[in-house]
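Engineer: Just a sequence and a predicted model for now, questions to come.
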Amino acid sequence: MPNRLTRRRLLNSSLLGAGVGVFVFWTAWLDASLARDAFATGYVLYGLVVFLAAYNLRKKLPGLPLGTSRLWMQAHAYLGAGSILVLAAHIGWRWPDGWLEGVLAASFAATWLSGVVGLYLTRTVPQQLARTSEQFVFERIPRLRSRVASDAQATVLAAVRATGATTLADLYANRLHGFFNRPRSLAYALSPTSAARKRLFNELTASRRLLTDAERTAAERLFTLIRLKDDLDFHAARQGLLKKWVFLHIALTWLLLTLGATHGLLALAFRGGPT
Amino acid sequence: MTTSPTTVAAGVAPQRWQAPLDDAMTDTLVERLMRVAPFNQMDETAFPASIPLRGLLKNDTRIRRRAAGEVLMREGDYGDTAFLLLDGQARVTLESLTAAELGLAETPRRAGLGSAIRRTLATVLGPAKPPEVRDRIDARAADQRSVFVQDVSAVLDSKRTALLSPGEVFGELAVLTRAPRTATVFAEGSVVALEIRWQGLRDLMRFTPAWRAHIDRLYRDNSLRVHLRATPLFTSLDEQALERVASAIEFATFGSFDWRDLPPDPTAVDPLDRVRREAQVVKQDDPIEYLLLVRSGFARVSVAQGEGQRTIAYHGKGSVLGAEALLSADNASARWPVSIHAVGYLDVLRLPTDVFLAEVGTTSDKVPVADSELPARTLDYLVDRRLINGVEAMVIDLDRCTRCDDCVRACAATHDGNPRFIRQGPTHDHFQFAHACMHCVDPVCMIGCPTGAIHRDPATGVVRVNDATCVGCSVCANACPYNNIQMVEVRAPEGAIVFDQVTGQPLLRAAKCDLCSDQPTGPACQHACPHDALVRIDLSSPHSLASLVSR
């Protein structure tokens, strides 16, 4: 027997399928009755967009019994997925000619695609984040990074003070200081890898035969701090990506709402004749 | 939770007896109480100057008068007071009453929509407010609600009851075990009783050894009667057989009621050492000489594996241990297939096997079969960290949590602009047990509270802090083994941090999850989670977590 989440997916997909069926039947009926179906589908489409955008408003009102956020999220995802069919029916399955309509269709497509990307990210990124040894709150990461960097420097300086040897200090100055103190590259932010961690581990391992006892103890601590810093960077990159995606999705939604309202007002103003 | 000083306002921190249980308690009444038993036998000099007996009676007790048929305490309610019958006679029910008979609603009422809308509009449309603003900071007595039971006479006619006479104490079970009341007590005629809150009862017991012995004896007698009647294993026994079972039973307590010795970092403690330090109740392969009936606390059931013990189950109140092994083996040679340890503390009834076999042995269909849907390492994790104490634990599925913090924002929006939990905590596999009050089976945070500000809601069992009587002493926050209570600096309406005029220190209040008892939506955190990641579940039995794991 499928588990609860699978059963929910099946149910929601069935409901969406039924909704699409009703919509197809309705547009066929409109077409057969020679009605101005572009207006009818336009109302449905804009209504859908407003409902999908209302989810963000719902999030601002957590104390009100407006339904659980997960119910809204399910409705948002499935209706959002289905909305592309309503758009296709509205624009007659062809790219619009007018510049305003073209921009509007493009903004819809961008919003819809950002939604699809977001769905993928929200289903995959949490599992990547969960695999790290510790979990971090995004807002606390800068402070933790700073603490790790200070700790690494203090560890190396203590080893130098203990023995006077500078082998580990040289390695730290040349290879590790930047890793602990500089931000990661844009490429890392988009697609983080553990290459830097592995490379530094290898360099630190290779240098162990050259180290004094005190430096070896410090090197062990550096292994831990490198791992911690890499995990912090990974969380910052992945959590940051999710936050930036939400920002982009909401910005596109506002653009879509504004352009859609403009398009609707113009269409109504210049419709002419009976509807 | 955030607290950063900005400006300064002055106030006075409430003291323990600034808000007495009842303002109507006068010195005259106290004087009269001092002339009746047991107070006339108590040595006033045994009480410290800071907690004098008369002060205790004046501030931690109140007189309750009830007419015939009215209720003094109700089964199922959480209560932090005990009663001493002063005059008249009362009846205690010996059988459980239905929710309808008790006048209990199926679902506890939550706050209305109106207040939720007002709060939301104020948050969304009003100016930004600093966190933890209090309109007033002086101590006020907690609200008291009357309790009524439907159709008392019909209930009295249809149920078995026992008579209570002046001088008898009742209600002490719920107070001592921080558990729901196990019986309902009605006034037989006109009744006068002295209601004693938990803090007062604790101090009376602490400074009067004879009264402590008396309360302990009552606790044992009453708990045995109640427990046997509620155990399915004994439901088919007639009165005589039940009496034989009762007379054969021994009480045993392992560990300490005041358990809270969870190390700051449980992972730093050797797991073998941890189990070794737990009080052993039975040892694997020892002969089964008696059955164990868990009355309160938790038992770790484990089997030897390698050099250590592997947890295979944990059991709480109502469990029967040993019956299955006893009935499935040759009775004479039955041995414990497992070891049992007390997690924190464990209160058990021991029933000798010969009595069990003679009275109950043939009704083996009532013997519960132990099973566990969770892997042993998960059971180990839950028991080692005593997360099994949580009734409303916040568990976050990290494989689904996008770290959007909608839960944190929702909590802050509904709680003075300051979230009542921290979205961090111990992690096992992909589940995080966040630092949010778990509304424990045994809330040890309540043990040391000097004013009773931290208490259980009588109807729902939710552990709440009465802001009006909290003195900011931090005892509850320090006692919570899970670090789920935070002390926050309170602010005046204009945003200034309030400082105590006497000590010059910021005034503090205990802040913790109240399960959004005053919200129409229930817990705002769970309501706000878009991805089904955050749930509030009962960890006192493994079934809820098993259901979450397999969803």
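Structural biologist: Arrived safely.

Engineer: What mean pLDDT does stretch A:98-109 get?
Structural biologist: Throughout stretch A:98-109, pLDDT has a mean value of 95.

Engineer: CA atoms only: put that stretch into CSV for me.
Structural biologist: C-alpha atoms of stretch A:98-109 as CSV (Å, rounded to 0.1, in the frame of the first residue of the first chain):
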residue,chain,number,x,y,z
GLY,A,98,1.7,42.4,-29.6
TRP,A,99,4.7,43.6,-27.6
LEU,A,100,2.7,43.9,-24.3
GLU,A,101,1.1,40.5,-24.8
GLY,A,102,4.5,39.1,-25.7
VAL,A,103,6.1,40.5,-22.5
LEU,A,104,3.1,39.3,-20.5
ALA,A,105,3.4,35.8,-21.9
ALA,A,106,7.1,35.8,-21.3
SER,A,107,6.6,36.9,-17.7
PHE,A,108,4.1,34.2,-17.2
ALA,A,109,6.4,31.6,-18.7
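
Engineer: Can you point out the buried residues in that stretch?
Structural biologist: A:101, A:104-105, A:107-108 (16 or more other Cβ atoms under 10 Å in any protein chain shown). (C-beta placed from N, C-alpha, C; glycine too.)

Engineer: now do stretch A:123-130
Structural biologist: Result for stretch A:123-130 [16+ other Cβ under 10 Å]: buried residues A:125-126, A:129-130.

Engineer: Closest one of those to chain B?
Structural biologist: Nearest to chain B out of these is residue A:130 (Cβ to the nearest Cβ; 3.7 Å).

Engineer: Pull the contacting residues for that closest one.
Structural biologist: Contacts of residue A:130 were listed using Cβ atoms under 8 Å, 6 or more residues apart in numbering or on different chains, and they are B:398-399, B:430.

Engineer: Please name every helix or strand in contact with whatever helix or strand residue A:84 lives in.
Structural biologist: Assigned by DSSP states H and E, residue A:84 falls within helix A:69-90. Contacts defined by 3 or more Cβ pairs under 8 Å, 6 or more residues apart in numbering or on different chains; DSSP states H and E place helix A:69-90 against helix A:4-32, helix A:37-60, helix A:99-130.

Engineer: chain center to that helix, what's the gap?
Structural biologist: Its chain's C-alpha centre lies 18 Å from the corresponding centre of helix A:69-90 when counted by Cα atoms, centre = their mean, to the nearest Å.

Engineer: Kindly report the same for stretch A:112-119.
Structural biologist: 9 Å.

Engineer: Pull out the buried positions in it.
Structural biologist: Result for stretch A:112-119 [16+ other Cβ under 10 Å]: buried residues A:112, A:114-115, A:118.

Engineer: ranges for the strands of the stretch 151-300 of chain B?
Structural biologist: All strands of the stretch 151-300 of chain B, identified by DSSP state E, counting those that start in this stretch, fall at B:161-164, B:169-170, B:185-187, B:191-197, B:250-255, B:280-282, B:290-305.

Engineer: Put the alpha carbons of the last one into CSV.
Structural biologist: Presented in CSV, the C-alpha positions along strand B:290-305 are these (Å, rounded to 0.1, in the frame of the first residue of the first chain):
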residue,chain,number,x,y,z
TYR,B,290,7.3,-10.9,39.9
LEU,B,291,5.5,-9.0,37.1
LEU,B,292,6.1,-5.3,36.8
LEU,B,293,3.3,-2.8,36.3
VAL,B,294,4.6,0.6,35.3
ARG,B,295,2.8,3.2,37.3
SER,B,296,4.7,6.3,36.2
GLY,B,297,8.1,7.1,34.7
PHE,B,298,9.7,5.2,31.8
ALA,B,299,11.4,1.8,31.6
ARG,B,300,14.2,1.1,29.1
VAL,B,301,13.9,-2.5,27.9
SER,B,302,17.2,-3.8,26.5
VAL,B,303,19.0,-6.9,25.6
ALA,B,304,22.7,-7.7,26.0
GLN,B,305,24.7,-7.2,22.8
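
Engineer: For the helix or strand following that strand, buried residues please.
Structural biologist: Using DSSP H and E, the helix or strand that follows strand B:290-305 in sequence is strand B:308-315. Across strand B:308-315, burial judged by 16+ other Cβ under 10 Å covers B:309, B:311-315.

Engineer: Direction included, what does strand B:308-315 pair against?
Structural biologist: strand B:290-305 (antiparallel) (DSSP bridges).

Engineer: now the angle between strand B:250-255 and the partner strand, please.
Structural biologist: 40 degrees (axes from the mean of the first three to the mean of the last three Cα atoms, to 10 degrees).

Engineer: And the chain, what are its domain boundaries?
Structural biologist: Answering for chain A, as no chain was given. Domain assignment of chain A by automatic domain parsing yields the ranges A:4-94, A:125-275.

Engineer: was after chain B, sorry
Structural biologist: B:15-230, B:232-369, B:387-549.

Engineer: okay, those domains, which one's buried deepest?
Structural biologist: domain B:387-549 (a mean of 21; mean count of other Cβ atoms under 10 Å in any protein chain shown).
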